[in-house]
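*Asks:* kindly generate the corresponding structure for this input.
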Amino acid sequence: MHLPSTALSSSFLIGNVQIRNRVALAPMSGVTDLPFRMLAWRFGAGFVVTEMVASRELVGNAAESWARLKNSGIDPHIVQLAGREAHWMAEAARIVEANGADIIDINMGCPAKRRGSLRPMVPISSISTWAVPPRRLPVAIPDLHSCATRITRCL
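*Replies:* Alright, predicted model coming up:
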């Protein structure tokens, strides 16, 4: 489907977070590092998402996870979290929120090494146990019918 440029340029909200337009840079492992996100933002992307941040590794203080979490004034700051266990996801969400994230994007599957695999990384049933209260920022759940991240629901 082709969208007219006026549709792409209109702003919208995710939860209470204003997004400047509908052009997105989706998270891509090994690609969307901070310099690339800054470049996409400078050239007009409405929002950019970090590379996948592994929840358990972030909680364990892994330097690579902290590097992926880093922001440089891009607003809103959207962080993609991944993991299989609700406990680690909850702890990582607290860290991400405390470090300035405006939105959490949950990686529900489609790992880069196994294209087309839609096996959920975190059980869908456990999301509501950690993602809703007392979280104050929107949590984006991707469309499970596609590997492309599409925000379909905000908790």
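*Asks:* going by C-alpha atoms from here, please, whenever you check contacts or count neighbours.
*Replies:* Fine.
*Asks:* which strands and helices lie in contact with the lengthiest helix in the chain?
*Replies:* As assigned by DSSP state H, the longest helix anywhere in the chain is helix 86-98. Here helix 86-98 touches helix 55-59, strand 78-82, helix 127-131, going by 3 or more Cα pairs under 8 Å, 6 or more residues apart in numbering; DSSP states H and E.
*Asks:* now the strands for this structure?
*Replies:* 12-14, 17-19, 24-25, 47-54, 78-82, 103-106, 139-142, 151-154 (DSSP state E).
*Asks:* want to try JSON lines for the ones you listed, with distance to Pro35, mean neighbour count and mean pLDDT as columns?
*Replies:* Below are those laid out as JSON lines (distance: least, Cα to Cα, whole Å; neighbours: other Cα atoms under 10 Å; pLDDT from 0 to 100):
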{"stretch": "strand 12-14", "distance to Pro35": "24", "mean neighbour count": "14", "mean pLDDT": "89"}
{"stretch": "strand 17-19", "distance to Pro35": "20", "mean neighbour count": "16", "mean pLDDT": "93"}
{"stretch": "strand 24-25", "distance to Pro35": "13", "mean neighbour count": "18", "mean pLDDT": "92"}
{"stretch": "strand 47-54", "distance to Pro35": "11", "mean neighbour count": "24", "mean pLDDT": "93"}
{"stretch": "strand 78-82", "distance to Pro35": "15", "mean neighbour count": "26", "mean pLDDT": "92"}
{"stretch": "strand 103-106", "distance to Pro35": "20", "mean neighbour count": "24", "mean pLDDT": "89"}
{"stretch": "strand 139-142", "distance to Pro35": "23", "mean neighbour count": "22", "mean pLDDT": "65"}
{"stretch": "strand 151-154", "distance to Pro35": "24", "mean neighbour count": "13", "mean pLDDT": "38"}
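*Asks:* those into JSON lines, with extra columns for distance to Ala67?
*Replies:* Putting those into JSON lines (distance: least, Cα to Cα, whole Å) gives the following:
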{"stretch": "strand 12-14", "distance to Ala67": "25"}
{"stretch": "strand 17-19", "distance to Ala67": "24"}
{"stretch": "strand 24-25", "distance to Ala67": "18"}
{"stretch": "strand 47-54", "distance to Ala67": "9"}
{"stretch": "strand 78-82", "distance to Ala67": "12"}
{"stretch": "strand 103-106", "distance to Ala67": "16"}
{"stretch": "strand 139-142", "distance to Ala67": "21"}
{"stretch": "strand 151-154", "distance to Ala67": "24"}
